[in-house]
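Novice: model the structure of this input:
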Amino acid sequence: MGERRTPEQERVHRRQRLAAALRIFAERGFEEGAGGHITARDSIMTDHFWVNPFGVYFGHVRACDLLLVDHNGTVVQGEGTVNPAGYAIHSQIHAAHPRVIAAAHTHSPYGRAWSALSRPLAAITQDACAFFERHTVFQTYTGVVLDIDEGKRIAQVLGDAGTAVILQNHGLLTVGGSVEEAAWWFVAMDRSCQVQLLAEAAGDPIVIDDDAARAARDVIGTPGIARLNFRLLFADIVRRQPELLD
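Specialist: Presented below is the predicted three-dimensional model:
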């Protein structure tokens, strides 16, 4: 996680990175009206998580606007309401996977397009290798996820070592041991979806062999590399929009 921080300092860190991630997602066109959510487990009350308020544009969210939600879905700090689908999915991921500090799910265009194919990404580029054997497909769609049991099934499909799930006919969901990781994996996965869609539209992409894909993954698919890549995006958005840290 980097330098040592007290639980109180870590809470501030996670909230600021979460607000920054939301604004980065807005600039990349990942938001879709009121849909989409990023969550971060609280560093003090670890069965609670922070989330963006329902119905607030990603690009306007500040750290002080985030909501702290308990395991029952009750807002215990902040003003606003929680997206019901966001609670159904994220609460179960955080409950089932203590390793998950943050989770990101939005209706990004390329993620949605790829999800309609209901298959995993192929290792056709070096960047896509970051997800090799680290992502799964949730191969069902029954409507908007409002049922806790559906959230539990998604958490089960994620597994104990996964970084992402492709939700059939829905979009992408990524997780990480920090906000930085979850947010960067989402950015990278959506771009990998875009690249594979382009490559398959042009012809038959050459797939990297398994051993080479694993070797690449072990270099560029690590938590440290995800945090490094997010750090660049964070520095840029904070320089241009410093009020997000409030």
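Novice: list the buried residues for stretch 209-216?
Specialist: Going by neighbour count (16 or more other CB atoms under 10 Å), the buried part of stretch 209-216 is 213, 216. For glycine as for every other residue, the C-beta is placed from the backbone atoms N, C-alpha and C.
Novice: contact partners of that stretch?
Specialist: Residues outside stretch 209-216 that contact it (CB atoms under 8 Å, 6 or more residues apart in numbering): 123, 126, 129-130, 132-133, 208.
Novice: helices of the protein, start to end?
Specialist: 7-27, 84-96, 109-115, 148-158, 179-202, 210-220, 223-240 (DSSP state H).
Novice: from the chain's centre, how far out does the fourth one sit?
Specialist: If I follow you right, that is helix 148-158. Offset of helix 148-158 from its chain centre (CA atoms, centre = their mean, to the nearest Å): 15 Å.
Novice: report all helices and strands that it contacts.
Specialist: With contacts taken as 3 or more CB pairs under 8 Å, 6 or more residues apart in numbering; DSSP states H and E, helix 148-158 sits against helix 84-96, strand 135-138, strand 164-167, strand 171-176.
Novice: if you set the cut-off to 7 Å instead, what comes out?
Specialist: Where contact means 3 or more CB pairs under 7 Å, 6 or more residues apart in numbering; DSSP states H and E, helix 148-158 is packed against helix 84-96, strand 135-138, strand 164-167.
Novice: keeping just the C-alphas, turn that helix into CSV.
Specialist: Backbone C-alpha positions of helix 148-158 (Å, rounded to 0.1, in the frame of the first residue of the first chain) are rendered in CSV as follows:
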residue,chain,number,x,y,z
ILE,A,148,-28.5,-9.5,-2.9
ASP,A,149,-28.3,-13.1,-4.1
GLU,A,150,-27.3,-11.9,-7.5
GLY,A,151,-24.6,-9.9,-5.9
LYS,A,152,-23.4,-13.0,-4.1
ARG,A,153,-23.2,-14.9,-7.3
ILE,A,154,-21.1,-12.2,-8.9
ALA,A,155,-18.8,-12.2,-5.9
GLN,A,156,-18.5,-16.0,-6.2
VAL,A,157,-17.6,-15.8,-9.9
LEU,A,158,-15.0,-13.2,-9.2
